[in-house]
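**Student:** Sequence first, predicted coordinates after that:
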Amino acid sequence: MPLLETRRLTAFYGDFQALYGIDTMLDQGETIAIIGANGAGKSTFLKAVAGLIQGAADSVVLDGVPIGARPASDILKLGIALVPEGRRLFPSLTVEENLRIGGYGRKMQGPWTLDRVYSLFPFLKERRSSATPTLSGGQQQMAAIGRALMSNPRVLLCDEISLGLAPIIIADVYAALPQIKAEGTSVVLVEQDIVQAMKVADRVYCFQEGRLSLTGRPRELTRDQIHCAYFGS
Amino acid sequence: MTAWLDALIQGLLLGGLYALFAAGLSLIFGVMRLVNLAHGDLIVLAAFIILVVTNRFGLNPFVAVLIAAPILFLAGFALQHVLLNRTLGGDLLPPLLVTFGLSIIIQNGLLQIFSADSQRLRVGAIETASIPLGGGIAVGVVPLLTLLSAVAVIVLLNLIFYRTAIGRAFRATSDDPEVAQLMGIDHQRIFAVAMGLAFVAITIAALYLGLRANFDPSIGPARLLYAFEAVIIGGLGSFWGTLAGGIVLGLAQTIGAQIDPEWQILAGHLAFLAVLAIRPRGLFPRAQD
């Protein structure tokens, strides 16, 4: 049984349908990447899994349990944490407070403690008392990942963690992923940066206008297939 | 000279009362951006509840507060959970209308039950006791307790906000309710806890309202006005600012009264307008607002 499954997942913003029957699967310890152009529905997919958009109960299934109708605060407690697009750290909280609040709703014993997050991103310890708006974009992204890890999630959802960052910084952010995977955490990456996504993902799903256009293992997919699934033929 | 010094000291002490009026308002505005137009009436309602507990059980009002505070915490929690959470969202108007309606209901409900008669909380000799400071100046024990209680309430609120997990949840929810949910925070419950705490602050404010002067069901809106002015003078979202705002208001009133007794209330409002004109964000605004 897969750890996380979406079954015919749909999502709406008012009358506008953003997702059309998406079927995906994530196994324990696996990393999958969701790629696609702007507006393909990638972020909506993560929001639906994280409970920010609620739908039919059996459209999202964690460990065989339907969770699609549960609110976001419940989903975190069940072990799914989201690193939201644009970092969205809490500006009134210091760096350390941002990390601590990541574990607010799910106080699970696990590999990820404040010290462990500090060892993953050492500069966060130096800036622990700083206000988060004073951090650089890359530092904010790492703090946002650290915040999500503090709940010791079974599934880590990452929304565009390379967005707006310089290539060298993107490499730094992605350097943390192997350590996160090594702790057994399953990861869902949403990325526009296809090259990064293909490097770390075990499997790739490509979205196009709210529909699944391609699925496969990175090594098995050709450039043309991806191009076609990404932009449409 | 002594008269002026006395006015300053009395203004400082009166500021403590206004800071107490304002503490709960500052708290709920800080957490959920809710402007509670029933705040003044809730203070009066709490004063009546303390009065009832005092009379029914023959207790000292200071003891009655200890019984009333948990009851009012639950009342605040329930009010937010059942009613006010439904009004929060994108639009500013629903919470204003609902709390305005609540204000009318509380005033008329109190009028129906307790009549328009003035009431007072009685604590015996301490009411008139004072401590001489020399030079013909003395401070009343109750006004001094008011200021000390205001400082204690502000210190406690700061400790809760900046030293506890629930305080982090308050600030995070205030910053970004959507992302707060991603931290496992049930923001509606957090709002209800914040309202419960605000009601405890309201209960303490009500104690001193009833000890320092007469009260009747109609005086809520004026207390709301003072509370608003203190919060805005101090700067939205800052508890120390709220204390400072209360003291500025108190000082302005007693200095105004020293010039001419008719100017007391007017001078407070003028100080408020002056702060709005010179520092529209208040004296100690929170950096992110």
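**Tutor:** Ah, there it is.

**Student:** Return the residues of chain B in contact with chain A.
**Tutor:** Neighbours of chain A within chain B, by CB under 8 Å from any CB of the partner chain: B:165, B:168-169, B:171-172, B:174-176, B:178-187, B:286-288. Where you see a C-beta, it was placed from the backbone N, CA and C, and this is true even at glycine.

**Student:** Can you select the buried ones from those residues in ChimeraX?
**Tutor:** Selecting the buried subset of the residues of chain B next to chain A in ChimeraX, with 16 or more other CB atoms under 10 Å in any protein chain shown as the burial test, is done by:
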select /B:168,169,171,172,174,175,176,179,180,181,182,183,184,185,186,187,286
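
**Student:** longest single helix anywhere in the chain?
**Tutor:** You didn't pick a chain, so chain A it is. Longest helix of chain A, by residue count under DSSP state H: helix A:137-149.

**Student:** looking at chain B here, not the other one
**Tutor:** The residue-count maximum for a helix in chain B (DSSP H) belongs to helix B:2-32.

**Student:** Can you list the buried residues in that one?
**Tutor:** Result for helix B:2-32 [16+ other CB under 10 Å]: buried residues B:6-7, B:9-32.

**Student:** show me the contacts for the residue lying closest to B:Trp263 once chain neighbours are set aside.
**Tutor:** Among residues not flanking B:Trp263 along the chain, B:Gly256 sits closest, at 3.9 Å (CB to CB, 6 or more residues apart in numbering or on different chains). Contacts for B:Gly256 (CB atoms under 8 Å, 6 or more residues apart in numbering or on different chains) come out as B:Trp263, B:Gln264, B:Ile265, B:Leu266, B:Ala267, B:Gly268, B:Leu270.

**Student:** B:Gly256 looks like it's in a helix, true?
**Tutor:** Yes: under DSSP: H, G, I helix; E, B strand; the rest coil, B:Gly256 sits within a helix.

**Student:** In the stretch 101-250 of chain B, what residue lies closest to chain A?
**Tutor:** Residue of the stretch 101-250 of chain B nearest chain A, by CB to the nearest CB: B:Gly184 (1.2 Å).

**Student:** quick one: that residue from B:Gly16, how far?
**Tutor:** From B:Gly184 over to B:Gly16 the distance is 38 Å, taken as CB to CB, to the nearest Å.

**Student:** Run the chain-centre distance for the longest helix of chain B.
**Tutor:** Here helix B:2-32 is found 9 Å from its chain centre; the criterion is CA atoms, centre = their mean, to the nearest Å.

**Student:** Flag the helix or strand of chain A with the lowest per-element mean pLDDT.
**Tutor:** Least confident helix or strand, chain A: helix A:223-231 with a mean of 83, by mean pLDDT, DSSP states H and E.

**Student:** so what does that one touch, helix or strand wise?
**Tutor:** Using 3 or more CB pairs under 8 Å, 6 or more residues apart in numbering or on different chains; DSSP states H and E, the elements in contact with helix A:223-231 are strand A:203-208, strand A:211-216.

**Student:** a markdown table for those, including mean pLDDT and distance to chain B?
**Tutor:** Output for the helices and strands packed on helix A:223-231, formatted as a markdown table (pLDDT from 0 to 100; distance: least, CB to the nearest CB, whole Å):
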| stretch | mean pLDDT | distance to chain B |
| --- | --- | --- |
| strand A:203-208 | 94 | 22 |
| strand A:211-216 | 91 | 25 |
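
**Student:** Packed most tightly, which of the ones you listed would that be?
**Tutor:** The highest average neighbour count among the helices and strands packed on helix A:223-231, using mean count of other CB atoms under 10 Å in any protein chain shown, belongs to strand A:203-208 at a mean of 23.

**Student:** Mind listing the strands that one pairs with, and their directions?
**Tutor:** Partners of strand A:203-208 in the sheet, by DSSP bridges, are strand A:31-35 (parallel), strand A:211-216 (antiparallel).

**Student:** Dump the ones you listed into JSON lines; add distance to A:Tyr174 as well.
**Tutor:** Putting those into JSON lines (distance: least, CB to CB, whole Å) gives the following:
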{"stretch": "strand A:31-35", "distance to A:Tyr174": "11"}
{"stretch": "strand A:211-216", "distance to A:Tyr174": "21"}
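
**Student:** Out of those, flag the one nearest A:Ser151.
**Tutor:** Set against A:Ser151 and scored by CB to CB, these come closest in strand A:31-35, at 18.4 Å.

**Student:** And the contacts of the closest one?
**Tutor:** Here strand A:31-35 makes contact (CB under 8 Å, 6+ apart) with A:24, A:26, A:42, A:45-46, A:177, A:181, A:186-192, A:194, A:197-198, A:200-207, A:226, A:230.

**Student:** swap in stretch A:21-28?
**Tutor:** Outside stretch A:21-28, the residues within contact range by CB under 8 Å, 6+ apart are A:2-10, A:32, A:34, A:41, A:45, A:155, A:184, A:186, A:188, A:205, A:207, A:211-212.

**Student:** Quick one: name whatever helix or strand follows the host helix or strand of B:Asn55.
**Tutor:** Assigned by DSSP states H and E, B:Asn55 belongs to helix B:39-57. For helix B:39-57, the following helix or strand on the C-terminal side (DSSP H and E) is helix B:61-78.

**Student:** Show me what that next one packs onto, helices and strands only.
**Tutor:** Using 3+ CB pairs under 8 Å, 6+ apart: helix B:61-78 touches helix B:39-57, helix B:187-212.

**Student:** buried stuff in the shortest one?
**Tutor:** Within helix B:39-57, the residues that count as buried by 16+ other CB under 10 Å are B:39-51, B:53-54.

**Student:** Noted, bye for now.
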